[in-house]
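Asks: Here's a sequence, model it:
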Amino acid sequence: MGLLAAAMVASCSPYGENHVAVCGGKEVKIIDMAKSDGETLHEVWSWCIEDPTEGLPAEYAEYLNPLDECKFVDGNSKLLLTSSTSAVVLIDLKTKKNLFYARVPMAHSADLLPGDRVAVALSTHKLGNSLEIYDIAQPEKVLWRDSLYSGHGVVWHAERESLYALGYDVLREYKLKDWQSDTPSLELKQSWSIPVKSGHDLMKVDAQRMLVSGHEGVYWFDVESGEYTPFEPLQSTENVKSVNYNAKSGKLVYTKAEESWWTHHIYQENPTKVITIDDMNIYKVRPAW
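Replies: Down below sits the predicted model:
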């Protein structure tokens with residue numbers, strides 16, 4: 001294992017492949033899907049952004065509303081939150097303390113990188129649409145920035161020691177450069193056009209494959225060949241927002257638009273069921289696997 005791939009050691013966590021993190025509006029929930037059905041939702045943890053959280057300034061209740069993405073990171077021991085208003089927050093799921101917060105306009109997706117650094121994909125910025133890098137110890141400082149039109153997905157691929165970023169019509173692969181210095185950066189290695197209009201979400205399935213979703217469908221992406229193929233398990237892939245597939249268990253969890261751009265449901269296949277969350281507009285749903 002390379003130095004960068006080994007930089008983040010997975011921490012023990014009570015959350016595993018049966019758990020998903022969902023967020024929308026002012027709420028975050030962790031749900032045990034194995035114990036939930038269409039009428040009963042089994043929550044194992046929930047948090048309202050207006051509730052006091054150690055280490056998080058009170059004004060972030062405004063900056064985090066509405067929440068866009070909540071992603072398990074660091075061996076499912078932490079939760080990384082983004083808001084399309086103006087914030088990125090990292091919460092320790094063991095202590096429920098806040099570890100990092102930053103004001104970031106229209107932050108749609110983020111991921112934790114080696115060395116406690118955070119990559120954020122934005123859909124708008126006064127300096128242009130951006131991909132940004134922050135350090136947990138210096139949340140007020142942008143360490144690096146690159147233009148990325150309508151950034152909606154960012155994923156750290158530890159095996160390839162690469163960062164993948166999804167924009168409106170492009171998928172990029174970056175390599176870390178001068179990473180242990182005070183001026184780290186990302187070096188663009190290659191980029192691909194995406195086969196869907198308006199990229200919505202990016203998810204790593206395994207070392208070889210990722211899922212790219214957008215307004216017109218969902219596709220497998222092969223990281224070695226750079227080729228796209230249709231994602232077969234879903235019968236209808238239009239307006240799918242997030243797709244999360246566990247190749248080992250065959251479990252598929254996704255969200256999609258129905259009557260409006262937002263959805264109130266989590267769909268789980270194998271077995272097929274629909275988990276309804278009342279009064280919660282869900283954008284993305286993330287599994288802990």
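Asks: For the closest residue to residue 163 other than its chain neighbours, give me its contacts.
Replies: Spatially, and ignoring its direct neighbours in sequence, residue 163 is nearest to residue 174 (4.5 Å; Cβ to Cβ, 6 or more residues apart in numbering). Heads up, the C-betas are built off the backbone N, CA and C, glycines and all. Contact partners of residue 174, counting by Cβ atoms under 8 Å, 6 or more residues apart in numbering, are 162, 163, 164, 165, 186, 187, 188, 189.
Asks: Against residue 78, how distant is residue 178?
Replies: Residue 178 sits 25 Å away from residue 78, going by Cβ to Cβ, to the nearest Å.
Asks: Which one of the two is surrounded by more residues?
Replies: Neighbour tally, residue 178 and residue 78, criterion other Cβ atoms under 10 Å: the higher count belongs to residue 78, 19 against 11.
Asks: Wait, the more buried one touches residue 97, no?
Replies: No: no contact is recorded between residue 78 and residue 97 when judged using Cβ atoms under 8 Å, the distance being 10.2 Å.
Asks: residues shared between the contacts of these two?
Replies: Residues within reach of residue 78 and of residue 97 at once, by Cβ under 8 Å, 6+ apart, are residue 91.
Asks: Run a quick neighbour tally on residue 258.
Replies: For residue 258, the count of nearby residues is 11 (other Cβ under 10 Å).
Asks: Spell out the secondary structure type for it.
Replies: coil (DSSP: H, G, I helix; E, B strand; the rest coil).
Asks: Now do the same for it: its pLDDT.
Replies: What the model reports for residue 258 is a pLDDT of 76.
Asks: Bridged to the residue lying closest to it once chain neighbours are set aside, which residues?
Replies: Using Cβ to Cβ, 6+ apart and skipping residues adjacent in sequence, the residue nearest residue 258 is residue 265, 7.3 Å away. Going by DSSP bridges, residue 265 is paired in beta bridges with residue 276.
Asks: residues in contact with residue 265?
Replies: Per Cβ under 8 Å, 6+ apart, neighbours of residue 265: 255, 256, 258, 274, 275, 276, 277, 282.
Asks: How much space separates it from residue 22?
Replies: In this structure, residue 265 and residue 22 are 10 Å apart, going by Cβ to Cβ.
Asks: neighbours of residue 250, just the number please.
Replies: 10.
Asks: you'd agree it is up against residue 270?
Replies: Yes: applying Cβ under 8 Å, one finds residue 250 in contact with residue 270, separated by 4.7 Å.
Asks: Quick one: the helices in this protein, in order.
Replies: With DSSP state H as the criterion, the chain has helices at 60-63.
Asks: can you list the weak-confidence ranges in the chain?
Replies: The chain contains residues with pLDDT under 70 at 1-12, 125-128, 260-261, 271.
Asks: From the geometric centre of it, which residue sits farthest away?
Replies: Largest separation from the mean C-alpha position in the chain: residue 39, at 26.9 Å (Cα atoms, centre = their mean).
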